[in-house]
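Undergrad: I'd like to go over a predicted model; first the sequence, then the structure.
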Amino acid sequence: MADLGVVNYGPEKYNVELREVPRPEIGPDDVLLEVAAVGVCGSDLHQWTAEHSWPVNYPVVLGHEFSGVVAQAGPRVRGFREGDRAVSETAAVIDPENPMSKAGLYNLDPTRKGFGYGVNGAMTQFVRVPGRILHHIPDQLPFEKAGLTEPCCVAYNAVVNNGAVKPGDRVVVLGPGPIGILCGAMARLQGAEVAVVGLERDRQRLAIAERFGCKAIVDGLAEWALATDGLGADGVIDAAGISATLKTAIEITRPNGWISKVGWGRAPYGHSLDPLVQKNITLRGSFSHNWPIWERVIRLLSTGILDVGKIIGGIWPLADWHTAFEEMHSGRICKAVLKPK
């Protein structure tokens, strides 16, 4: 049996199209999830425009931000049965014997393969998911919001686990994409005063950041960062998709401050790190997420403490994937969601 899927079929620019794909067959530890909603991530756009910096197993179905209903469960799956509402993490393939996996940090297992680049993702009607990375979602959480648990988990890890926010801190977020805006929202939940920084063309996205209680900045970043005592912001979350923003982050961070870098940029950095040393700044990378982060974020979404619906700019059927990609890539909207049905 075949379904339709948004397939990235080669490394050249715009090598993405709607194709027939075989419906997955599950193993004893897997579930077959009927996809209800799948978010479009910046990484999907980067594969579409061939601007990504990670290996891709072509051809591959895109999509790693998704929710759905269990259509079938393998005989060794525990805790899930047909009809259950669920969301899935992204670590589709891991080595359980890897030291990182044994420590619960399977997101840092070097052999990890994720949905949408390593194995077939969820921009289709059915996706095979290992039972170990499934999470229940309550009935009151709509599928389109539940499908965005994943980017919220990325933001949670970047801000809560890899940042050092204290109530009353002044925190700068570089980059007003979905991850940047959600990082700003997380920092606000931790009691920080937050500025989200973008370019003139980002005005619409910056307006969404303001809905989360953040200050939007296009010009005057240095003045805002230095406003209290002239030393700089307590922390910076670099969520921009270019390497050069790290230089800005170092410049505006106060001595003994911190930087959490979650944005990917394939170009070389090209600047001295001496100022980082001189200012005694802590720099941490932040990648992906794991089980406890997902459980906390699902609680935030389910209780309404975090309203991820604010970033959704439109919902399209799977057949209109190209329109959704274009709307998000242009910056006219922050986050697009596809519904296979």
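TA: That came through, no problem. Residues are numbered from 1 along each chain as shown.
Undergrad: show me the domain layout of the protein.
TA: With domains defined by automatic domain parsing, the chain comprises 2-151+289-339, 163-285.
Undergrad: between those domains, which gets nearest to Asn157?
TA: Nearest to Asn157, of all these, is domain 2-151+289-339, at 4.9 Å by CB to CB. Just so you know, the C-beta spots here come from the backbone N, C-alpha and C atoms, and that holds for glycine as well.
Undergrad: quick one, phi psi at the closest residue in space to Tyr106 that isn't next to it in sequence?
TA: Once flanking residues are discounted, Tyr106 sits nearest to Ile94: 4.6 Å by CB to CB, 6 or more residues apart in numbering. For Ile94, the backbone dihedrals (degrees, to the nearest 10) come out as phi -140, psi 170.
Undergrad: verify the contact between Ile94 and Leu108 for me.
TA: No - using CB atoms under 8 Å, Ile94 is not in contact with Leu108, being 9.9 Å away.
Undergrad: tell me which of the two has more neighbours.
TA: Legend: neighbour count by other CB atoms under 10 Å for Ile94 and Leu108, higher for Ile94 (20 against 17).
Undergrad: what's that one in contact with, if anything?
TA: 101, 106, 109, 111-112 (CB atoms under 8 Å, 6 or more residues apart in numbering).
Undergrad: and His135, what does it touch?
TA: 86-89, 149, 294-295, 298.
Undergrad: surely Asn57 touches Val119?
TA: Yes - between Asn57 and Val119 there is a contact at 7.1 Å, judged by CB under 8 Å.
Undergrad: which of the two has more neighbours?
TA: Relative neighbour count places Val119 above the other of Asn57 and Val119, with 17 against 11, counting by other CB under 10 Å.
Undergrad: surely that one meets Val127?
TA: No - the pair Val119 / Val127 is not scored as a contact, 9.2 Å apart, by CB under 8 Å.
Undergrad: any idea how far His179 lies from Asn161?
TA: Just so we're on the same page, residue 179 is Ile rather than His. As judged by CB to CB, to the nearest Å, Ile179 and Asn161 stand 15 Å apart.
Undergrad: please apply the same query to Pro96.
TA: 22 Å.
Undergrad: neighbour count: those two, which is higher?
TA: Ranked by neighbour count (other CB under 10 Å), Pro96 and Asn161 place Asn161 first, with 15 against 9.
Undergrad: quick one: pLDDT of that one?
TA: Note on Asn161: pLDDT of 98.
Undergrad: mind listing the helices for the stretch 1-150 of the chain?
TA: 42-48, 99-102, 143-146, 149-156 (DSSP state H, counting those that start in this stretch).
Undergrad: of all those, which lies closest to Val194?
TA: Going by CB to CB, the one of the helices of the stretch 1-150 of the chain nearest Val194 is helix 149-156, 12.0 Å.
Undergrad: packing partners for whichever strand or helix holds Ala324?
TA: Secondary structure from DSSP states H and E places Ala324 in helix 321-329. The helices and strands touching helix 321-329, judged by 3 or more CB pairs under 8 Å, 6 or more residues apart in numbering; DSSP states H and E, are helix 42-48, strand 312-317, strand 335-339.
Undergrad: quick one: contacts of the last one?
TA: The list of residues contacting strand 335-339 from outside it, by CB under 8 Å, 6+ apart, reads 6, 36-40, 63, 123, 143-144, 147-148, 151, 178, 311-318, 320-321, 324-325, 327-328.
Undergrad: quick one on the thing from earlier: show me which of the contacts of His135 are buried.
TA: 86-89, 149, 294, 298 (16 or more other CB atoms under 10 Å).
Undergrad: just name the closest of the contacts of His135 to Ala225, please.
TA: Among the contacts of His135, and counting by CB to CB, the member closest to Ala225 is Thr149, at 31.4 Å.
Undergrad: and the pLDDT at that closest one?
TA: The model's pLDDT for Thr149 equals 98.
Undergrad: where do the helices sit along the stretch 151-300 of the chain?
TA: 178-189, 203-211, 221-225, 245-252, 274-278, 291-303.
Undergrad: one step back: among the helices and strands packed on helix 321-329, which is the most enclosed?
TA: strand 335-339 (a mean of 25; mean count of other CB atoms under 10 Å).
Undergrad: quick check: angle from it to strand 312-317?
TA: Counting by axes from the mean of the first three to the mean of the last three CA atoms, to 10 degrees, strand 335-339 lies at 20 degrees to strand 312-317.
Undergrad: sheet partners, orientation included, of strand 335-339?
TA: strand 30-39 (antiparallel), strand 312-317 (parallel) (DSSP bridges).
Undergrad: for the first one, the averaged confidence score.
TA: It refers to strand 30-39. 98.
Undergrad: for that strand, list every residue counted as buried.
TA: Applying 16+ other CB under 10 Å to strand 30-39 flags 30-39 as buried.
Undergrad: nearest to Pro255, of the strands paired with strand 335-339?
TA: Taking the strands paired with strand 335-339 one by one with CB to CB, strand 30-39 is closest: 38.4 Å.
Undergrad: residues contacting Ala185?
TA: Counting by CB under 8 Å, 6+ apart, Ala185 has contacts 155, 212-214, 306.
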